[in-house]
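>>> How does the following fold in three dimensions:
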Amino acid sequence: IEHNQYGVCALNGGSRVVLRDCTANNNLRYGVASSDGGSVDASDCSLSENKELGLGAWHTCSKVSLVRCKAERNGRTGVACRMGSSVTAADSSMCDNEQFGVYVSGEGSRVSLQGCASSSNSQYGVGASEGGA
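Numbers count the residues shown, from 1 in each chain. Below you'll find the predicted structure:
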């Protein structure tokens, strides 16, 4: 899934995207996005070399689960979670991104990482601000 504005987008409550062994690379904005209550479950996927983000989760009730995924060498951030969304990641890698490996911000936003790597990012491995945890 390459050379689009957004590689994959789950938009609005009730929408669900399941990705298994997929690539969402080299997109103009994000590899994968979940917004306004959408959900994404990804395993064994590459979300790399996108112009902005490997993965972006936005707005209340948006949910993303990553298992054995790579979000690397993105123009800004590997995984971003904002405005009340949630991301869980296990055994995944968020490395060599231009700003953050993982960034969480906004009241009610939550990120849970288990067995993940976040290294060699230009600014922070994991950053949290504005009420994100």
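>>> Ser48 contacts Gly54, correct?
Yes - counting by C-beta atoms under 8 Å, Ser48 touches Gly54, with 6.2 Å between them. For the C-beta atoms, the positions are set from N, CA and C on the backbone; glycine is no exception.
>>> quick one: which of the two has more around it?
For Ser48 and Gly54, the more surrounded residue by other C-beta atoms under 10 Å is Gly54, and the numbers stand at 34 against 22.
>>> residues touching that one, list them.
Gly54 sits next to 24, 30-32, 47-48, 71-72, 74, 77-79, 94, 97 when contact means C-beta atoms under 8 Å, 6 or more residues apart in numbering.
>>> So which of those are in helices?
Of the positions in the contacts of Gly54, not one sits in helices, assigned by DSSP state H.
>>> Among those residues, name the buried ones.
For these, a burial check counting by 16 or more other C-beta atoms under 10 Å picks out 24, 30-32, 47-48, 71-72, 74, 77-79, 94, 97.
>>> Nearest to Asn121 among these?
Lowest distance from Asn121 to the buried ones among the contacts of Gly54 (C-beta to C-beta) belongs to Asn97, with 4.7 Å.
>>> Give me the pLDDT value at that closest one.
At Asn97, the pLDDT value in this model is 98.
>>> ok, it - contacts?
Counted by C-beta under 8 Å, 6+ apart, Asn97 has contacts 54, 71-78, 121-122.
>>> go with 6 Å
If a contact means C-beta atoms under 6 Å, 6 or more residues apart in numbering, then Asn97 has 74, 77-78, 121 as its contacts.
>>> same question, Ser120
Counted by C-beta under 6 Å, 6+ apart, Ser120 has contacts 95-96.
>>> looking at this structure, which helix or strand is least sure?
strand 124-129 (a mean of 93; mean pLDDT, DSSP states H and E).
>>> and it, what does it pack onto?
strand 100-105 (3 or more C-beta pairs under 6 Å, 6 or more residues apart in numbering; DSSP states H and E).
>>> which element follows the strand it packs on toward the C-terminus?
The element immediately downstream of strand 100-105 (helix or strand, assigned by DSSP states H and E) is strand 110-114.
>>> Thought Ser34 was touching Ser62, still the case?
Yes - between Ser62 and Ser34 there is a contact at 4.4 Å, judged by C-beta atoms under 6 Å.
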